[in-house]
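>>> Based on what follows, work out the 3D shape:
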Amino acid sequence: MKSSSNYQNLTPAQFAEGLREPGAVLLDVRRPDEFAAGHLPGALNLDVTAPDFAQRVAALDKTQPTYVYCRSGARSANAAGQIGSAGFAHVRNLLGGVLDWPEPQVR
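As a prediction, the model looks like this:
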């Protein structure tokens, strides 16, 4: 498991286990069209490339464990860094994104 200064990278198994934490917030940071094509159950869509990304993140509870993913893990690593820099205490990034996620996605 590789960690950054303000977020933690998790394998799909570790990510799935972490999502069971009480109050865990799951963020899909892909574009809305990608989200609509299929996403993890319970995910909120906050496009990391949208101009209002920082504003939408600021509306979330910084004390809750926050789990972030995208297609391959690159955009979510960027998003996790931004979220961690915004003062969120517990930020986790899904290594490999949904490409490596073993469970079915929902629409």
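
>>> ok, the residue nearest the centre of the chain - contacts?
Against the mean C-alpha coordinate of the chain, by CA atoms, centre = their mean, the closest residue is V68 at 0.8 Å. By CB atoms under 8 Å, 6 or more residues apart in numbering, the contact list for V68 reads 7, 27, 29, 76, 79-80, 83, 91-94. To be clear about C-beta, it is placed using only N, CA and C from the backbone, and glycine gets the same treatment.

>>> now it: how far from D61?
15 Å (CB to CB, to the nearest Å).

>>> Strands of this protein, start to end?
Along the chain, the segments classed as strands by DSSP state E run 8-10, 25-28, 44-45, 66-69, 91-94.

>>> measure stretch 24-32 end to end?
Chord length of stretch 24-32, first to last residue, is 21 Å (CA to CA, to the nearest Å).

>>> got the contact list for it?
18-19, 34-35, 39-40, 42-49, 53, 60-61, 64-71, 75-76, 79, 83.

>>> try 7 Å this time
Residues outside stretch 24-32 that contact it (CB atoms under 7 Å, 6 or more residues apart in numbering): 18-19, 35, 39-40, 42-48, 60, 64-71, 75-76, 79.

>>> N78 contacts V48, correct?
Yes - contact status for N78 versus V48: in contact at 6.0 Å, counting by CB atoms under 7 Å.

>>> higher neighbour count, the two?
Higher neighbour count among N78 and V48: V48, with 22 against 17, using other CB atoms under 10 Å.

>>> OK, contacts around that one?
29, 75, 78-79.

>>> hmm, which two among these are most spread apart?
The largest separation in those, counting by CB to CB, is between V29 and N78 at 8.1 Å.

>>> And stretch 5-24, what's buried?
6-10, 12, 15-16, 18-19 (16 or more other CB atoms under 10 Å).

>>> Okay, and which of those residues map to helices?
Counting by DSSP state H, the buried residues of stretch 5-24 place 12, 15-16, 18 in helices.

>>> The longest helix seen in the chain: how far from the chain's middle?
If you go by DSSP H, the chain has its longest helix at helix 74-85. Its chain's C-alpha centre and that of helix 74-85 lie 8 Å apart, by CA atoms, centre = their mean, to the nearest Å.
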